[in-house]
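Peer 1: Dropping a prediction and its sequence here:
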Amino acid sequence: MTTVEPSTAPAQRDRLLRRTLRDPVAVVCLAVLGLVIAGSLAAPLLTSHDPARSVLADTLAPMSGSHPLGGDGVGRDVLARLLYGGRTSLVGGTIAVLVAFAVGAPLGLVSGFYRGWFDAVAGWIVNIIMAVPAIIVMLVVMAAVSQDLNVAMIVLGVIMAPMVFRLIRASVLAVREELYVDAARVAGLGDARIMRRHILPVVIAPSVIQATQVFALAIGIQAGLAFLGLGKASQPSWGAMLNDAFTNVYNEPMLLVWPGLAMGLTILSSSLLGNAVRDALGVAEPVVAKRRRHRAKAAGAPVADLPADRLLTVSGLCVAYGEKTVVDGVDLIVARGEVLGLVGESGSGKSQTAFSVLGLLPDQAEVTADQLSFDGKDLLGLDLADLNALRGRGIGYIPQEPMSNLDPCFRIGFQLAEPMRKHLRLSRTEARTKALELLARVGIADPERVFRSYPHQISGGMAQRVLIAGAVSCDPRLLIADEPTTALDVTVQAEVLDLMRSLQRERGMGMILVTHDFGVVADICDRVAVMQRGRIVEAAPAARIFAGPAHEYTRMLLDSTLEGGPARGPLVTPAEPVKEVTS
Ligand SMILES: Nc1ncnc2c1ncn2[C@@H]1O[C@H](COP(=O)(O)OP(=O)(O)OP(=O)(O)O)[C@@H](O)[C@H]1O
């Protein structure tokens, strides 16, 4: 097995920066924020005026060489107040973010991870803080403790900590139930290690967006307080500038423009930058790209040498999570129009293999392969954009849980039409027509109604038909179906399998059917690869497997299916592969 060096934190940061900088919106936002930060840091160099000093003669002074943006209502230089006011806003926003995360993040992590009495007490305290009217508390603190706007920002940070707490707690709760976290526990990893490896990476992306929101909100609230006249007179701020500008709005309307513009641009840029960073974090690190880069250095078999009918070639595929190898040197081939059953007990690595082909594994997965090619294209050389174009168009995917794979917020029609508009460049009307045809094709009696429905308004069987329609909508050459019938009623299972088989024949698609059920294999598969503990132990035409399985593990799986008996425990056999005999 070829191994990939675990990526270092600086390398991850570099990758994140590079990905963020690929987004033009992020670049503009960074430029605006950079200007605001540079302007406020360089304020003493850019202006010689004291932002708090009034000169009667400069009251509402027009723009001039000595006052590039003029004077305000009490004769202070507007440019100086704008630049120094930026400092107040940026420092205030940063204080609020730091306090909110310093209080909310550890509490959220511990509460979500350990639950129990700590979670109950923390939840109770958080509810109390959230019930307190924030603005009144800040007014009281400013009146009783200090007029400094930074003190108000500390209070604001504490008041916003519950938002951070709830977000982080919810993220931790979502991930702590995952099987792989249980596996890490069972493997004897300590809590700190599990948190660092499995929990923190999940929490970072939502935290980034939350931090930018808290920052933007804090700047707005700070300006609001200053607008109300709070804060020290010696502390210039954009809010105080707005206050002065309103007093003189009829005489000098431009006074409103500068602080308004500075505030608007800063708040907008930090929010949009948060979205861009979140997107960059959310785009799965090119697990596949990792693998590709790795492979690019190695001499893989030239894709051009593959037989013309070969659709997918997987050779020497390995997937590891830290010390744990979950796919260990898997070789698979799928010919055009062929249905390959990938069979094995739960946890044998079937889904991980399928997700490797789709490039859908999480960041933590270390993936390597001697070869991974699809339809004559070396998947190892594709960048993320090409891979995205390939998913849907080249490779379709049918998941196990139909309901959780449909977004409850959008109508079925929208969810079906959107990929077609993107991949096939169809107009809204064309995509609608095609979606309705597809719904009819997958056996939905009233396509119009289902098209207009939300996911909760249809049954599980219908939802799976919708997902099948979606998977074939962009005419993929390979369909990967991960236990597509497991979540369905027995009576619906056979219909869905029939549907998949007829669609596959009619469109000549290759298919990988991930299943643990030999009954399903018998129904639909041409060839079978049997997986045990991350390895293919036997691969052969389906008829040959049914006639006489060569590997003991295959025999055991087959027996348990045919007997219809209770599931047996895992069979401990040497995972020695039985080589495929090509027919
Ligand atoms: N993110 C992860 N981190 C660590 N281990 C993981 C992760 N995801 C999956 N695994 C582990 O990889 C192994 C293979 O999982 P996989 O989902 O491929 O099994 P499967 O054969 O498809 O089983 P099932 O039929 O139950 O889905 C399992 O032991 C699983 O716990």
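Peer 2: Yes, it's here. Numbering: from 1, shown residues only.

Peer 1: what stretches of the stretch 451-583 of the chain score poorly on pLDDT?
Peer 2: With pLDDT under 70 as the threshold, the stretch 451-583 of the chain has low-confidence stretches at 487, 561-583.

Peer 1: For E430, the count of nearby residues, please.
Peer 2: For E430, the count of nearby residues is 14 (other Cβ atoms under 10 Å). For the C-beta atoms, the positions are set from N, CA and C on the backbone; glycine is no exception.

Peer 1: same check, this time on L30
Peer 2: 16.

Peer 1: Check the secondary structure at it for me.
Peer 2: helix (DSSP: H, G, I helix; E, B strand; the rest coil).

Peer 1: Next, the contact list for it, please.
Peer 2: Taking Cβ atoms under 8 Å, 6 or more residues apart in numbering, we find L30 in contact with L21, S269, L273.

Peer 1: From D23, how far out is it?
Peer 2: 10 Å (Cβ to Cβ, to the nearest Å).

Peer 1: Also G347?
Peer 2: Going from G347 to D23 by Cβ to Cβ gives 38 Å.

Peer 1: Could you do V514 as well?
Peer 2: 34 Å.

Peer 1: So between these two, which is more surrounded?
Peer 2: Counted by other Cβ under 10 Å, V514 and D23 do not tie: V514 has more neighbours, with 24 against 18.

Peer 1: Which strands and helices lie in contact with the one helix or strand that one maps to?
Peer 2: Element membership of V514, judged by DSSP states H and E, is strand 510-515. Counting contacts by 3 or more Cβ pairs under 8 Å, 6 or more residues apart in numbering; DSSP states H and E, strand 510-515 is packed against strand 310-321, strand 324-335, strand 339-343, helix 350-358, strand 478-482, helix 490-507, helix 518-524.

Peer 1: Among the contacts of L30, the buried ones, what's the PyMOL command?
Peer 2: In PyMOL, this line selects whichever of the contacts of L30 come out buried by 16 or more other Cβ atoms under 10 Å:
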select buried, resi 269+273
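
Peer 1: what residues are up against the nearest residue to R87 once chain neighbours are set aside?
Peer 2: Distance criterion Cβ to Cβ, 6 or more residues apart in numbering; nearest residue to R87, sequence neighbours excluded, is S40 at 4.3 Å. When contacts are counted by Cβ under 8 Å, 6+ apart, S40 touches L83, Y84, G85, G86, R87, L90.

Peer 1: Torsion angles phi and psi at the nearest residue to the first one once chain neighbours are set aside?
Peer 2: Translated: L83. Nearest non-adjacent residue to L83, counting by Cβ to Cβ, 6+ apart: A43, 3.8 Å away. Here is the backbone geometry of A43 (degrees, to the nearest 10): phi -50, psi -50.

Peer 1: Run through the residues that contact A43.
Peer 2: Here A43 is in contact with P51, A80, L83, Y84, G86, R87 (Cβ under 8 Å, 6+ apart).

Peer 1: Point out the least confident member of those residues, please.
Peer 2: By pLDDT, P51 ranks lowest within those, coming in at 90.

Peer 1: distance of that residue from the ligand?
Peer 2: 53 Å (Cβ to the nearest ligand atom, to the nearest Å).

Peer 1: isn't S346 right next to D517, touching?
Peer 2: No: assessed by Cβ atoms under 8 Å, S346 is found out of contact with D517, at 11.5 Å.

Peer 1: And the two? Which one has more around it.
Peer 2: Using other Cβ under 10 Å as the criterion, S346 and D517 rank with D517 on top: 18 against 11.

Peer 1: Name the SS class of the nearest residue to I267 once chain neighbours are set aside, please.
Peer 2: In space, and not counting its chain neighbours, I267 is closest to A216: 4.3 Å by Cβ to Cβ, 6+ apart. At A216, secondary structure determined by three-state DSSP is helix.

Peer 1: Identify the residues contacting L332.
Peer 2: With Cβ under 8 Å, 6+ apart, L332 has these contacts: L312, T313, V314, L317, L340, L342, T353, I512, A529, I536, A539.

Peer 1: Please give the element, helix or strand, for L45.
Peer 2: Per DSSP H and E: helix 43-46 holds L45.

Peer 1: Give me the buried positions along that helix.
Peer 2: A43, L46.

Peer 1: what about dumping the CA coordinates of that helix to PDB?
Peer 2: Extracted in PDB, the C-alpha atoms of helix 43-46 (Å, rounded to 0.1, in the frame of the first residue of the first chain):
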ATOM      1  CA  ALA A  43      -4.200  56.800  10.200                       C
ATOM      2  CA  PRO A  44      -1.400  58.800  11.800                       C
ATOM      3  CA  LEU A  45       0.500  58.700   8.500                       C
ATOM      4  CA  LEU A  46      -2.500  59.500   6.400                       C
END
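
Peer 1: gap between that helix and the chain center?
Peer 2: Taking Cα atoms, centre = their mean, to the nearest Å, the mean C-alpha location of helix 43-46 is offset from the chain mean by 42 Å.

Peer 1: Skip ahead from that helix and say which helix or strand is next.
Peer 2: helix 78-114.
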